[in-house]
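Enquirer: next one to model:
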Amino acid sequence: MLEGKLEMSVNPTRRALLALALGAFGIAAGEFVTLGLLPNMASDLGVTIPQAGHLISAYALGVVFGAPLLTVVGVGLPRKGLLLALVLALAAGNFASAVTHGFDWLLLARFLAGLPHGAYFGVAAVTAGNLVEPSRRNSAMALVFSGFTVANIFGVPLIVLIGQHTGWRFVFGLIGLIEVIAALCILALLPVQHRDTRTMREDLRLELLAFRNVHVWLALGIAAIGFGALFATFSYITPMMVHVTGYAEASMNPLLMLFGIGMTAGNLVGARLSDRALMPTLYIALSSQIVVALVFIVTVHDKLAAAITIVLFPFASFVMVPALQARLIRLAGGAPNLAAASLHSAFNIANSLGAWLGGLTISAGLGYQSPIVVAAGLAELGLILALISGWFSRNRPRRRLNAGTDRPRRIPQDGGQPTNPSGITSPLTR
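Expert: Numbers count the residues shown, from 1 in each chain. This next block holds a predicted model:
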């Protein structure tokens, strides 16, 4: 037993996946620490809390634009070198956020910090999938993404606590340092994945062809709208808990830890469920979001009930993440990079849309709890899109679902079986 554990602890593939997860840890810290420090940043910058919420939207818009653009630019590059460049760009964006002065300049810095976010997750997910056998690909991708979710259990609450005592500028500098360490780990631990030169020249055309598939767009729509429920509520979780529920501001660190526990558990459960029944996992996750949002309207007025709901809401939201990731990569066939990266663009459209709509209701004088109603509506729209996608999957011919997305398979000169150079297969999503 001990030997088995020791072997797993020094497994080179596992170390490589953990290096990728560390980069994801830094991304989560950079994105979600703003939720806990939003009132502090608003006060320091001389803006209102809804205006400070634009910092969340600026980062999210950076992800939206950066994910497809940087993935297209880097599609012919070796994946290890591309990942290193993206992690160092993330570090630079957070360092810029730490030293810039003035609200407008900080908005720009947060936009720039978000640019590499989606491309990193897209390339890291495909890289992780290629490091293991096909039966473990969803689990490998979930392990990389666990860096993002685990950060919200320990990293974000701890960094928020540090920020409350040292200031938010120090926090962004610290996050930049974490990304530098992640870059060193990737450099040392991630193996080089050799790719066929001719295949690399074909990649850009094949990546773009994946978007001829209506199912790709429906999956992105589910993420962009359905996932917005989480951000409509949790972009303003600090003022909501302080002014509506009655928690002291110092209590936000354990509450953010509960948020991270819900995210992590949802990601792990979603990975297992999506391996068994992908589309039903989406239906269940979105339906659960609606129910939890409606319950939150009531529980937000009670400290214990609100704390429980803070665990359940991100749990329901993150159950859908592995399912959407797996669905997009399968639908994209042999050209998964841009589709996987675009998923994170969609998630951050959700981030920006949710934060913007939630801020509108607060600015309209409806109270800090009003974004919860917005969340329920967004989750309902996401469920409608998922049901439409499932209906098309059941009623369109199977051969049409991946039309235009599969990489042409080359016949080896030795007469062997056709090969798929990307290493990603494209079975029909369940």
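Enquirer: these two touch, right, residue 71 and residue 122?
Expert: Yes. Contact criterion Cβ atoms under 8 Å: residue 71 and residue 122 qualify, at 5.7 Å. Every C-beta, even on glycine, is put in place using the N, C-alpha and C of the backbone.
Enquirer: where does the closest residue in space to residue 390 that isn't next to it in sequence land in three-state SS?
Expert: Leaving aside its chain neighbours, residue 390 sits nearest to residue 279 (4.8 Å; criterion: Cβ to Cβ, 6 or more residues apart in numbering). With DSSP: H, G, I helix; E, B strand; the rest coil as the basis, the three-state label of residue 279 is helix.
Enquirer: got the confidence number for residue 279?
Expert: Note for residue 279: predicted pLDDT of 85.
Enquirer: and the closest residue to residue 226 other than its chain neighbours, how many neighbours?
Expert: Distances taken as Cβ to Cβ, 6+ apart put residue 382 closest to residue 226, at 2.0 Å, once the chain neighbours are dropped. Per other Cβ atoms under 10 Å, the neighbour tally for residue 382 reads 28.
Enquirer: please apply the same query to residue 167.
Expert: 16.
Enquirer: for residue 58, see how far away it is.
Expert: 20 Å (Cβ to Cβ, to the nearest Å).
Enquirer: quick one: buried residues of the longest helix along the chain?
Expert: Longest helix in the chain by number of residues, with DSSP state H as the criterion: helix 12-45. By neighbour count with 16 or more other Cβ atoms under 10 Å, helix 12-45 contains the buried residues 14, 16-42, 45.
Enquirer: any stretches of the stretch 1-150 of the chain with poor pLDDT?
Expert: For the stretch 1-150 of the chain, the stretches with pLDDT under 70 are 1-10, 75, 135, 138.
Enquirer: quick one: contacts for residue 153?
Expert: 257, 260, 261, 263, 264 (Cβ atoms under 8 Å, 6 or more residues apart in numbering).
Enquirer: repeat that for residue 16.
Expert: Neighbours of residue 16 in contact, by Cβ under 8 Å, 6+ apart: 131, 189, 190, 191.
Enquirer: for PyMOL, what selects the buried ones among the residues you listed?
Expert: Buried residues within the contacts of residue 16, by 16+ other Cβ under 10 Å, are selected in PyMOL with:
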select buried, resi 131+189+190
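Enquirer: residue 30 contacts residue 172, correct?
Expert: Yes. The pair residue 30 / residue 172 is scored as a contact, 7.3 Å apart, by Cβ under 8 Å.
Enquirer: so what sits against both of those two?
Expert: Common neighbours of residue 30 and residue 172 (Cβ under 8 Å, 6+ apart) are residue 94.
Enquirer: about what we covered before: residue 71 and residue 122 - which one has more neighbours?
Expert: residue 122 (29 against 26).
Enquirer: make sure residue 367 is indeed in a strand.
Expert: No. Judged by three-state DSSP, residue 367 forms no part of a strand; its state is coil.
Enquirer: can you pull out the helices in the stretch 1-150 of the chain?
Expert: 2-9, 12-45, 49-73, 79-99, 103-131, 137-150 (DSSP state H, counting those that start in this stretch).
Enquirer: distance to residue 352 added to those helices, as a markdown table?
Expert: Listed next are the helices of the stretch 1-150 of the chain as a markdown table, based on distance: least, Cβ to Cβ, whole Å:
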| stretch | distance to residue 352 |
| --- | --- |
| helix 2-9 | 40 |
| helix 12-45 | 12 |
| helix 49-73 | 4 |
| helix 79-99 | 17 |
| helix 103-131 | 10 |
| helix 137-150 | 18 |
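Enquirer: thanks again, I'm all set now.
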